[in-house]
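Chemist: fold the following and give me the result.
(one chain, ligands or ions: 1)
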Amino acid sequence: MGKEISCLKSYILSAMLAEAISYGLQRKSAIGKQKLSERCFTSFLGFDGIKRSIRKARNGGYTMIIIRNGRVIDPKSQTDAIMNMAVDQGKIIAMGPDTEELLRTSPAAGTKSDDIIVLDAEGLVVAPGLIDVHVHFRDPGLTYKEDIHTGAHAAAKGGFTTVVCMANTRPPADNPETLDYIRSEGSKTGIHVLPAAAITVGMNGETLTDMALLKQHGACGFTDDGLPLRDAALVKRAMDEAVRLNVPLSFHEEDPAFIETSGVNQGEVSRQMGIGGASALAEDVMVARDCMLALHTGATIDIQHISSGNSVKMIRLAKQMGADIMAEVTPHHFSLDETAVLKHGTLAKMNPPLRTELDREEILRGLQENVIDIIATDHAPHSVEEKERPLTEAPSGIIGLETSLALAITNLVHPGYLSLMQVIEKMTVNPARLYRLDKGYLAAGADADLVIFDPGELWTVTEFASKASNSPFIGDRLIGKVKYTICGGGIVYQDV
Ligand SMILES: [Zn+2]
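Modeler: Below is the predicted model of the structure:
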């Protein structure tokens, strides 16, 4: 063991030294020799090293990464402390105040990677890679809006290392071939792209898919998101099957019976605009039904993109009664109310719509009380041409991956509604629990999926890695910026 330790240590130092020499940065200084070489490595050699790391991660190779002096926040262990972390072979191999000591005692001591990168995370937060359980990458079929690769880039830029793709592609993900395609393309992106499968064939709301077969082909859950399921008996059958297969079901709750015009709340703003609007009742009646069905069947269900205050109250009650329910809210539903439609037009049109300030306040309370467990973006890219159509004709939905964390920090943490720990919990370990993923936490031996962000950096929303730019937040000044995203031990995004 002792031999391996000194071997590893000298390997780290010699690698740093070699890099420094090759860049002509090796010079005498009043500060210690080791400290200088590390500093040079971080500030001058980091970027090339990072590019190598991205290339290697994609090729299945690994670079050891040492993250120094970051504020490590891990909701699962309730850790919030300054420490170092070492990452190698796709795993966190050590974390603690003294990385070298940990490396010496780590089971991985003695392993040799080809390269070492030191990231200086002083002043930055190191958290589990974010998990978004609700994205639309439009692939296959609608790739003029987004594709799996651009969607994954947008995710990595937003600090996400795992995303769950909704099933409403063309064709829908109701068959093994489409699921295989999404997983195969997703595996080339550097992040974890997981497909959800449709609950009904062709998302027709009438015939259940072969859920067992689709689970075998990698479906991590089931949803007809985008469309409501109107047949309560079919929903009950889907829940019974989900219990048998131990998979979650996610529901888009909008009863068309109470929607005159989709994407805009029925109320003061819709009256001003002279359109019918979509009543909050459309959401409330379906949430009530599915809460009771979940209680009855014992299924794990996810109520997607909560918009109505009454829904929050009903989910609170159903959870108290013992139903296994998790609930999502989008950054736009906790950040904006219906008046945003007057300002942003189609860029504030989404299903379900932005509602009143009273609804938003109830959502904030739901977040504080853990009635709402998950922040999910409902990242819904559309083309510029589509969003330039008149309000009643333009498609609903906005992108969200690249602004989600900053909106949570700006609109939840900064005003004091939630702590940073609570926000990270709703973007990591809670969504992992819903989808039964062994992810969303930091520990030696855990997957090296990480986000490193500056919790105080002010920035202006201007451009996107997504193919689309349909966001009402363009031009806004937000707090909190992602600096690095590390997935499977490789750096997949760096803020330059
Ligand atoms: Zn939806």
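
Chemist: can you name the residue of this structure nearest to the ion?
Modeler: Per Cβ to the ion, the residue of the chain with the smallest distance to the ion is residue 252, at 3.9 Å. C-beta here means a position set from N, CA and C on the backbone, and glycine is covered the same way.

Chemist: which element is the most centrally placed residue in the chain on?
Modeler: Ranked by distance to the mean C-alpha position of the chain (Cα atoms, centre = their mean), the top residue is residue 132 at 2.7 Å. Assigned by DSSP states H and E, residue 132 falls within strand 130-135.

Chemist: next SSE after that strand?
Modeler: Sequence order places helix 148-157 as the next helix or strand after strand 130-135, per DSSP H and E.

Chemist: got the buried residues for that following helix?
Modeler: Going by neighbour count (16 or more other Cβ atoms under 10 Å), the buried part of helix 148-157 is 148, 149, 150, 151, 152, 153, 154, 155, 156, 157.

Chemist: quick one: residues contacting the nearest residue to residue 260 once chain neighbours are set aside.
Modeler: Nearest non-adjacent residue to residue 260, counting by Cβ to Cβ, 6 or more residues apart in numbering: residue 276, 2.4 Å away. Residues in contact with residue 276 (Cβ atoms under 8 Å, 6 or more residues apart in numbering) are 259, 260, 261, 266, 270.

Chemist: could you redo the last one with a cut-off of 10 Å?
Modeler: 259, 260, 261, 262, 264, 266, 270, 392 (Cβ atoms under 10 Å, 6 or more residues apart in numbering).

Chemist: now residue 446
Modeler: Residue 446 makes contacts with 74, 76, 91, 92, 93, 95, 128, 438, 439, 440, as judged by Cβ under 10 Å, 6+ apart.

Chemist: pLDDT of the helix or strand where the fourth one lies, averaged?
Modeler: Under the assignment given by DSSP H and E, the secondary-structure element containing residue 92 is strand 91-96. Along strand 91-96, the predicted local confidence has a mean pLDDT of 92.

Chemist: what do you get for stretch 229-241?
Modeler: 98.

Chemist: going forward, count from 863.
Modeler: Okay, residue one is now 863; in that scheme the one you just asked about reads as stretch 1091-1103.

Chemist: beta partners for residue 953?
Modeler: Beta-bridge partners of residue 953, counted by DSSP bridges, are residue 950, residue 1309.

Chemist: quick one: contacts for it?
Modeler: 924, 970, 1305, 1306, 1307, 1308, 1309, 1310, 1350, 1351.

Chemist: in TSV: the residues you listed, plus pLDDT and distance to residue 1295.
Modeler: As requested, those are exported to TSV (pLDDT from 0 to 100; distance: Cβ to Cβ, whole Å):
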residue	pLDDT	distance to residue 1295
924	68	28
970	51	27
1305	96	16
1306	93	21
1307	95	19
1308	97	15
1309	97	15
1310	97	20
1350	96	21
1351	94	23
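
Chemist: quick one: which two of the residues you listed are the most distant?
Modeler: Spanning the widest gap among those are 924 and 1305, at 18.8 Å by Cβ to Cβ.

Chemist: neighbour count for these two, which is higher?
Modeler: residue 924 (22 against 14; other Cβ atoms under 10 Å).

Chemist: wait, which of the buried residues of helix 1010-1019 is closest to residue 1000?
Modeler: Among the buried residues of helix 1010-1019, and counting by Cβ to Cβ, the member closest to residue 1000 is residue 1013, at 7.6 Å.

Chemist: host element of residue 1148?
Modeler: helix 1142-1159.

Chemist: and if you look at residue 1134?
Modeler: Short version, using DSSP H and E: residue 1134 is in helix 1130-1135.

Chemist: okay, buried residues for that helix please.
Modeler: Neighbour-count burial for helix 1130-1135, with 16+ other Cβ under 10 Å as criterion, is recorded at 1131, 1132, 1135.

Chemist: who's in contact with the first one?
Modeler: If I follow you right, that is residue 1131. 1137, 1139, 1199-1204, 1210, 1215-1218.

Chemist: any idea how far it is from residue 1073?
Modeler: Distance, residue 1131 to residue 1073, using Cβ to Cβ, to the nearest Å: 40 Å.

Chemist: got it, and the last one?
Modeler: Relative to residue 1073, residue 1135 is positioned 41 Å away (Cβ to Cβ).

Chemist: format the buried residues of helix 1130-1135 as TSV; extra columns: distance to residue 1033 and pLDDT.
Modeler: Formatted as TSV, the buried residues of helix 1130-1135 follow (distance: Cβ to Cβ, whole Å; pLDDT from 0 to 100):
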residue	distance to residue 1033	pLDDT
1131	36	96
1132	34	97
1135	35	96
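
Chemist: just the closest of these to residue 1267, please.
Modeler: residue 1131 (28.3 Å).

Chemist: re earlier: ok, of the contacts of residue 1308, which come out buried?
Modeler: Neighbour-count burial (16+ other Cβ under 10 Å) is assigned, among those, to 936, 938, 953, 954, 955, 957, 990, 1301, 1302.

Chemist: relative to residue 1032, which of those residues is nearest.
Modeler: For the buried ones among the contacts of residue 1308, the closest approach to residue 1032 (Cβ to Cβ) belongs to residue 1301, at 29.2 Å.

Chemist: surely the closest one touches residue 993?
Modeler: Yes - under the criterion of Cβ atoms under 10 Å, residue 1301 makes contact with residue 993 at 6.5 Å.

Chemist: any residues in contact with both of those two?
Modeler: 1023, 1024, 1054, 1290, 1291, 1293, 1294, 1295, 1311.

Chemist: by neighbours, which of those residues wins?
Modeler: residue 1290 (30 neighbours).

Chemist: measure that residue to residue 1311 for me?
Modeler: Taking Cβ to Cβ, one finds residue 1290 at 9 Å from residue 1311.

Chemist: find residues that contact each of these two.
Modeler: Contacts common to residue 1290 and residue 1311, judged by Cβ under 10 Å, 6+ apart, are 990, 991, 992, 993, 1022, 1023, 1024, 1301, 1302, 1303, 1304.

Chemist: these in strands, which ones?
Modeler: Counted as lying in strands by DSSP state E, out of the shared contacts of residue 1290 and residue 1311, are 990, 992, 993, 1022, 1023, 1024.

Chemist: show the contacting residues for the fifth one.
Modeler: Translated: residue 1023. 990-994, 1017, 1052-1054, 1290, 1301-1302, 1309-1313, 1347-1350, 1354-1355.

Chemist: not counting its neighbours along the chain, what's nearest it?
Modeler: With Cβ to Cβ, 6+ apart, the residue lying closest to residue 1023 is residue 991, at 2.8 Å.

Chemist: so who does that neighbour touch?
Modeler: Applying Cβ under 10 Å, 6+ apart, the residues contacting residue 991 are 1017-1018, 1021-1024, 1053-1054, 1289-1290, 1301-1302, 1304, 1309-1314, 1347-1350, 1354.
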